[in-house]
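A.B. asks: Sequence and predicted structure below; questions after.
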Amino acid sequence: MTFDVASVRASYPALGDGTVYLDGAAGTQVPAVVIDAITDAYRTGIGNVGGSFAASRYSGEIVAGCRRAVADLVGGVPEGIVLGQNTTSLVYRFSRTLADTWRPGDEIVLSRLDHDANIRPWAQAAARAGAVVRWAEVDPATGELPVEQYDTLLGERTRLVAVTAASNILGTRPDVAAITAKAHAVGALTYVDGVHATPHGPVDAGALGADFYATSAYKWSGPHIGAVAADPALLETLHPDQLACSSDAVPLRFETGTPPFADLAGVTAAVDHLADLAGPGAGGRRERLLVSMRAVEEAEYELFGVMLRGLEELPGVTLYGKPARRTATAYFRVAGHTPAEVAGHLAARRVNVWAGHCYAWELTEVLGLRESGGAVRAGLVHYNDRSDVDRLLEAVGELAV
């Protein structure tokens, strides 16, 4: 099945403003179908759930539809999809809940490859519980997270292993399935941060061995909604703090307050959009997503090769990380210029990139970049094309002399 990037781009109103959006790792633009879905929800009339009137029933249908959509995207089940305002809020929710079961001397294993949202909440929860934090280290030369180190990190007191499915600055895709298998062998739970990985290829949370799999809709053309996928039977064993009158049913017990119903309608529309990126196909939504996201992965990686080669050929440009498996994400510096100066220069030429640590707090320290301003991050998503890459290279080339 072919991937027609011109057709994909045409469905995004924001892309018509002449700006190059290479900032997708921090949040993507949204297609018209998502905008329409959110607008239509408000136009139709929505109410809080649990009422006997039509607007309330409609909101309930939106929530149920959103759970089904996210489940199809990550390979979960609707009954195990927990929704929240963002994944950082959700990881804090789960870290506090799981830490209630930890005892002094228990251990958790964190990775320095991860976004701080999959580090700090766990470390803070461990400190309160008296649990010990053990660290999986990154090879600074390659950006890889060696699997073998987990053999010495894990033991009978390990309660949780948190690891990313893809680095948000280097793109590194560690062997998550091998890591989670080792964790399960000692009876530990696994929390996989799929926020950066989900937009760049097909996802099967079960095959990854994720007891919890986190994703953010705004990283794959949806609104600002986070989700965690888990086995409902596992969720039944956990008891987060909640209001006395709140539902104790799974997954509702993990969700606080009234959800943004119109945004949840937008999440469903975003998943449907992803399922059709490679054109209409046969089968259910899950099957179409697997085909479509595989096409996205191939198209992005081909274009990323052009970006990497172009950056490597520019004088004074240093690229960080050479992982064997990665997303289309580049992290680089230009000699003689701070990362902020490079990002500002590109912004003046309407090329959007990020500069700094990008919340990869531990990893930028490993790379020796944190205290000096991090680096520049440019990432591809499914709506980027060759002209975007050419404009990036031209703009960077003006500085790389």
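C.D. replies: Received the coordinates, thanks. Residues are numbered from 1 along each chain as shown.

A.B. asks: what about the strands in the stretch 301-401 of the chain?
C.D. replies: Counting by DSSP state E, counting those that start in this stretch, the stretch 301-401 of the chain has strands at residues 317-319, 329-334, 351-352, 354-356, 375-379.

A.B. asks: To clarify, my last question referred to the stretch 51-200 of the chain.
C.D. replies: Applying DSSP E, counting those that start in this stretch to the stretch 51-200 of the chain gives strands spanning 81-84, 107-111, 132-136, 158-164, 189-193.

A.B. asks: tell me the angle the last one makes with strand 158-164.
C.D. replies: When you say that, I think you mean strand 189-193. Using axes from the mean of the first three to the mean of the last three CA atoms, to 10 degrees, the direction of strand 189-193 lies 20 degrees away from that of strand 158-164.

A.B. asks: Which strands or helices does strand 189-193 pack on?
C.D. replies: Secondary structure elements in contact with strand 189-193, counted by 3 or more CB pairs under 8 Å, 6 or more residues apart in numbering; DSSP states H and E, are helix 87-99, strand 158-164, helix 176-185, strand 212-216. Just so you know, the C-beta spots here come from the backbone N, C-alpha and C atoms, and that holds for glycine as well.

A.B. asks: how about these in CSV, adding mean pLDDT, mean neighbour count and distance to L243?
C.D. replies: Below are those laid out as CSV (pLDDT from 0 to 100; neighbours: other CB atoms under 10 Å; distance: least, CB to CB, whole Å):
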stretch, mean pLDDT, mean neighbour count, distance to L243
helix 87-99, 98, 21, 14
strand 158-164, 99, 26, 26
helix 176-185, 98, 19, 33
strand 212-216, 98, 28, 23
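
A.B. asks: Would you format those as JSON lines with distance to V109 included?
C.D. replies: Below are the helices and strands packed on strand 189-193 laid out as JSON lines (distance: least, CB to CB, whole Å):
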{"stretch": "helix 87-99", "distance to V109": "13"}
{"stretch": "strand 158-164", "distance to V109": "5"}
{"stretch": "helix 176-185", "distance to V109": "8"}
{"stretch": "strand 212-216", "distance to V109": "15"}
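
A.B. asks: if I look at the nearest residue to G18 once chain neighbours are set aside, how far off is L393?
C.D. replies: Taking CB to CB, 6 or more residues apart in numbering as the measure, G18 lies nearest to R350, with 6.1 Å between them; neighbours along the chain are not counted. R350 sits 15 Å away from L393, taking CB to CB, to the nearest Å as the criterion.

A.B. asks: sorry, back to before: tell me which of the strands of the stretch 51-200 of the chain sits nearest to A269.
C.D. replies: For those, distance to A269 was read as CB to CB. The smallest value, 15.2 Å, belongs to strand 81-84.

A.B. asks: List the pairing partners of the closest one within its sheet, with orientation.
C.D. replies: When sheet partners are counted by DSSP bridges, strand 81-84 sits next to strand 226-230 (antiparallel).

A.B. asks: what mean pLDDT does the strand it pairs with have?
C.D. replies: Per-residue pLDDT values over strand 226-230 give a mean of 98.

A.B. asks: so L346 makes contact with V353?
C.D. replies: Yes. Look at L346 against V353 with CB atoms under 8 Å: they come within range, at 5.4 Å.

A.B. asks: Kindly state the pLDDT recorded for T2?
C.D. replies: T2 is assigned a pLDDT of 72 by the prediction.

A.B. asks: just the one 3 residues further on next, same as before
C.D. replies: The per-residue pLDDT reported for V5 equals 97.
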